[in-house]
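S.K.: sequence plus the predicted model coming up.
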Amino acid sequence: MGLVARRIEEAGISTLVLSTIASFTASVGTPRVAAIEYPLGRAFGQPGDHVGQRQVLRACLEALELIDRPGAVVDLLFEWPEPPARARWHPPEPPPIAGLFRRKPWLFPRLVAGRIPER
């Protein structure tokens with residue numbers, strides 16, 4: 001998402017990426033990052049929790065309004081409502097990009113450097 005956000009910013013549209021792994025997201029040159037300590041794949045919260053999801057969205061919009069410099073990372077102060085042992089920190093099957101990096105690990109540094117690999 002960080003690479004996409006950079007391109008959108010180049011077109012003159014402000015962006016903010018909500019990330020559960022903010023240091024990685026910021027490392028690819030993302031213009032603005034909102035960090036949240038929620039499980040992977042659940043950056044906006046629990047499925048069906050419309051109130052909590054709306055709170056996260058509002059916090060993101062406020063952060064977008066307040067961030068005054070490119071490359072800034074803002075920590076959103078939300079706590080996951082379950083004990084860590086009950087939260088699913090990883091999806092049942094790895095995302096496709098994880099399989100790609102397992103097969104072709106040399107692509108990862110290229111991605112972090114902003115050089116998007118061709119298919």
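M.R.: Looks like it arrived, so ask away.
S.K.: pretty sure Asp75 sits against Val33.
M.R.: No. Here Asp75 lies out of contact with Val33, judged by Cβ atoms under 8 Å, at a distance of 9.6 Å. Where you see a C-beta, it was placed from the backbone N, CA and C, and this is true even at glycine.
S.K.: what touches both of those two?
M.R.: Counting by Cβ atoms under 8 Å, 6 or more residues apart in numbering, the contacts common to Asp75 and Val33 are Ala22.
S.K.: those two: who's more crowded?
M.R.: Legend: neighbour count by other Cβ atoms under 10 Å for Asp75 and Val33, higher for Val33 (28 against 12).
S.K.: now do the SS call for the more buried one.
M.R.: Following DSSP: H, G, I helix; E, B strand; the rest coil, we place Val33 in the strand state.
S.K.: check contacts around it.
M.R.: Gly2, Leu16, Val17, Leu18, Ser19, Ala22, Thr25, Ala26, Ala72, Val73, Val74.
S.K.: ok, and the closest non-adjacent residue to it?
M.R.: Val73 (4.5 Å; Cβ to Cβ, 6 or more residues apart in numbering).
S.K.: next one: Ser27
M.R.: Val112 (5.8 Å).
S.K.: now do the same contact list for that neighbour.
M.R.: Contacts for Val112 (Cβ under 8 Å, 6+ apart) come out as Phe24, Ser27, Val28.
S.K.: which of these fall in strands?
M.R.: Using DSSP state E, no member of the contacts of Val112 falls within strands.
S.K.: narrow those to those that are buried.
M.R.: Neighbour-count burial (16 or more other Cβ atoms under 10 Å) applied to these gives Val28.
S.K.: in this structure, which helix or strand is least confident?
M.R.: Here the helix or strand of the chain ranked lowest by mean pLDDT, DSSP states H and E is helix 107-112, holding a mean of 80.
S.K.: no more questions from me, cheers.
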